[in-house]
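Peer 1: Pasted the sequence and its predicted model underneath.
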Amino acid sequence: MTYPVSMTSLPPLVVILGPTASGKSSLGIFLAKEFRGEIIACDSTQLYRGFDIGTAKPSPAEREDVRHHLLDVLHPAEASTAGGYRERALAALAEVEGRSRLPILTVGTGLYLRALLEGLADLPQRSEEIRQRLRRSAERYGALHLHEMLSRLDPQAAAQIAAADQQKLVRAIEICLLSGKPLSEVHRSGRTPLAGWQVLKIGLEPARPALYDRIHRRTEAMLAAGWLDEVRRLAAAGLSESAKPFDFIGYRELGAHLRGESALAAATAAIEQSTRQYAKRQLTWFRREADVRWLAGFGDDPQIRSAAQSLVAERLPRA
C-alpha cells in the first residue's frame, strides 16, 4: 500500500490508551499486523511473571503472531517503578527502531506512559522512618486513612491512586512530606521528555454501559479459563502474600476466597466492582493527556480498527 508523506521525518510511535477491557491489545495487534509493528506493553501488572490470566496478557498465539516487549520481565518479589519501566521502554524502542518496525504502545498504566513521554522528576530518596510511621497510622486508623491524608496534601494525586494501594499512597505522601510540595507539582519539574519520535495517541472510549458489560463478561471468561487455579498455584509456590502482584485486582479477591474469607460469588462481584472503579480512574487520567485522537468504541470493532488504521497511515512515510 502507498501512504501519504509524513508531516515530519521523525519515526512514528503509536500509543493506544484507554480503560481496561476496551480492547487496546486487540487493536494493537491488528495495527502491528497491518504496519509491520511490534507491541510494547505499558502496564504495571503485565510486567510480572506468572500473573497471566487476571492481567489480561496476550495469549501465546498472539505473541507468536506479533512480537511483544515488556511482558514477564519481573519476579513477583521485585518492585515495579515508573523509572524502571522508562529505562526498559527506551531500550525496547531502540530495539524496535533498529529493525525498522513500527513501535506500538498498549497503555494501561498512565503514570508509566507519562514517565516515558515526559521524563521523570528528581524525587527525594525514600525515608524508612516516614514509611514505618505511615504504615502504623494505617494500621491504627484503617485502610482509608492514608488516602484521606494524601487527599489533603495533594487532591490531584489522590484522585489517581486507589484507596487500597498502600504502597503507592505511602510513596506519594512520603514525597509530599520530604519535598514540601504536592506530588503532582514535583512530577512536573526537572523532566527530560522523550525526543526523536512523532507520537500518535489513539484513545479508546466505549460507552460506559457497554464497557461495564464487557468487564462482566471478561471476568467470567477469565474465571472459566482457570484464573482461580492460577492464584492457587502462585500461592502454593511459596511467594510471600505481601508481594505486590497479589494486591492486583482479582488476585486480591481470589486470594481472600482461597483463604476462606469470602464466597466465590462475592469475590467475583468484588472483582467486577473494583475493575469498574479502575476503569473510571484510568479514563480520568487519560483525559488529561494532550493530543489524543479519541475513538468511541472497542478496539476489536471493525469501524474503530478502520479509523485507527487511517490515523496511523497518515503518519507513515510513502512506501
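Peer 2: Received the coordinates, thanks.
Peer 1: If you count neighbours, what's buried in the lowest-mean-pLDDT helix or strand in the chain?
Peer 2: Lowest on mean pLDDT, DSSP states H and E among the helices and strands of the chain sits helix 183-188, with a mean of 76. By neighbour count with 16 or more other CB atoms under 10 Å, helix 183-188 contains the buried residues Leu183, Ser184, Val186, His187. Glycine gets a C-beta too; all of them are placed from N, C-alpha and C.
Peer 1: Return the member of those nearest to Leu234.
Peer 2: Relative to Leu234, the closest of the buried residues of helix 183-188 is Leu183; by CB to CB it sits at 31.5 Å.
Peer 1: you'd agree that closest one is up against Pro155?
Peer 2: No: at 10.6 Å, Leu183 does not count as touching Pro155 under the criterion of CB atoms under 8 Å.
Peer 1: any common contacting residues for the two?
Peer 2: By CB atoms under 8 Å, 6 or more residues apart in numbering, Leu183 and Pro155 have no common neighbours.
Peer 1: just the strands in the protein please.
Peer 2: Listed in chain order, the strands found in the chain under DSSP state E are 12-17, 37-42, 68-69, 102-107, 198-204, 292-295.
Peer 1: now these in CSV, with mean pLDDT?
Peer 2: Converted to CSV, these look like this (pLDDT from 0 to 100):
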stretch, mean pLDDT
strand 12-17, 98
strand 37-42, 98
strand 68-69, 98
strand 102-107, 98
strand 198-204, 97
strand 292-295, 98
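Peer 1: Adding distance to Ile271 and mean neighbour count, write these out as CSV.
Peer 2: Putting those into CSV (distance: least, CB to CB, whole Å; neighbours: other CB atoms under 10 Å) gives the following:
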stretch, distance to Ile271, mean neighbour count
strand 12-17, 23, 24
strand 37-42, 21, 25
strand 68-69, 25, 22
strand 102-107, 22, 26
strand 198-204, 21, 21
strand 292-295, 27, 16
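Peer 1: Now render those as TSV, adding distance to Gly28.
Peer 2: Below are these laid out as TSV (distance: least, CB to CB, whole Å):
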stretch	distance to Gly28
strand 12-17	5
strand 37-42	5
strand 68-69	9
strand 102-107	4
strand 198-204	10
strand 292-295	13
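Peer 1: nearest to Pro60, of those strands?
Peer 2: strand 68-69 (10.4 Å).
Peer 1: Can you name every helix or strand that the closest one contacts?
Peer 2: strand 37-42, helix 82-98 (3 or more CB pairs under 8 Å, 6 or more residues apart in numbering; DSSP states H and E).
Peer 1: Deepest in the core, which of these is it.
Peer 2: Among these, strand 37-42 has the highest mean neighbour count (mean count of other CB atoms under 10 Å), at a mean of 25.
Peer 1: List the buried residues in stretch 282-302.
Peer 2: Judged by neighbour count (16+ other CB under 10 Å), stretch 282-302 contains these buried residues: Gln282, Leu283, Trp285, Phe286, Glu289, Val292, Leu295, Gly297, Phe298, Gly299, Asp301.
Peer 1: circling back to that earlier point, and Glu129, which of the helices and strands packed on strand 68-69 is closest to it?
Peer 2: Nearest of the helices and strands packed on strand 68-69 (CB to CB): helix 82-98, 22.4 Å.
Peer 1: If you count contacts, what does the closest one end up packed against?
Peer 2: By 3+ CB pairs under 8 Å, 6+ apart, helix 82-98 packs against strand 37-42, strand 68-69, strand 102-107, helix 110-118.
Peer 1: same question for that helix, mean pLDDT?
Peer 2: Average pLDDT, helix 82-98: 95.
Peer 1: quick one: contacts of that helix?
Peer 2: By CB under 8 Å, 6+ apart, the list of residues contacting helix 82-98 reads 11, 13, 38, 40, 42, 44, 47, 69-70, 73, 102-103, 105, 109, 111-112, 114-116, 119-120, 194, 197.
Peer 1: Okay, angle between it and strand 12-17 too, please.
Peer 2: Computed by axes from the mean of the first three to the mean of the last three CA atoms, to 10 degrees, the angle separating helix 82-98 from strand 12-17 equals 140 degrees.
Peer 1: now helix 82-98: how far from the chain's centre is it?
Peer 2: Centroid separation between helix 82-98 and its chain, computed with CA atoms, centre = their mean, to the nearest Å, is 16 Å.
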